[in-house]
Every structure is written in C-alpha cells, then in structure tokens.
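Colleague: Quick check, what structure comes out for this input:
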Amino acid sequence: MNKPPRKHGRGVMFVWGAPILLGVLSVFGLLAALLGTGAWHWASWTSLTLLLVVIVRYWAVPLKH
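Modeller: Numbers count the residues shown, from 1 in each chain. Next comes the predicted model:
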C-alpha cells in the first residue's frame, strides 16, 4: 500500500530534532560536571564546548533564507 500524503511538508523531528538534541547535550554536560570526576569532566567540557561552537557558528554566520 502507498503511504498517505502528509499534511505538512516536514515532520516534527525536522523542526524540533536539533533543539532537543542540544538540550539533552546541555543537560548531560551540566550533570556530568556536577556528578562525575575524571573522564566525566572531559565529557562535560566536550559537550559544553560543542554547544558553544554551534552557538558561535549560527551567531557569526546566520542562515540565508
């Protein structure tokens, strides 16, 4: 059978996928910094640095519509 056509052009995960991923990454980084030691601090630094890289990238070079 054929799939029924979508009412919207793009799905929910297209719109909310990146913000959810960034939110989960942020919570992971903060909790890893508070609750862990050793490798957890490195994981925290890595995840929070990745968030800053994404922020700076979209602030310095905005998307063109």
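Colleague: other SSEs contacting the strand or helix carrying Leu30?
Modeller: For Leu30, the element it lies in under DSSP states H and E is helix 12-35. Counting contacts by 3 or more CB pairs under 8 Å, 6 or more residues apart in numbering; DSSP states H and E, helix 12-35 packs against helix 39-60. Heads up, the C-betas are built off the backbone N, CA and C, glycines and all.
Colleague: I'd like to know which elements the helix it packs on is packed against.
Modeller: helix 12-35.
Colleague: just the angle between the helix it packs on and helix 39-60, please?
Modeller: With axes from the mean of the first three to the mean of the last three CA atoms, to 10 degrees defining the directions, helix 12-35 sits at 140 degrees from helix 39-60.
Colleague: Residue ranges in the protein under the pLDDT threshold?
Modeller: For the chain, the stretches flagged by pLDDT under 70 are 1, 4-9.
Colleague: Pick out the residue closest to the middle of it.
Modeller: The centroid of the chain falls nearest to Leu22 when counting by CA atoms, centre = their mean (2.2 Å).
Colleague: Fine, thanks again, bye for now.
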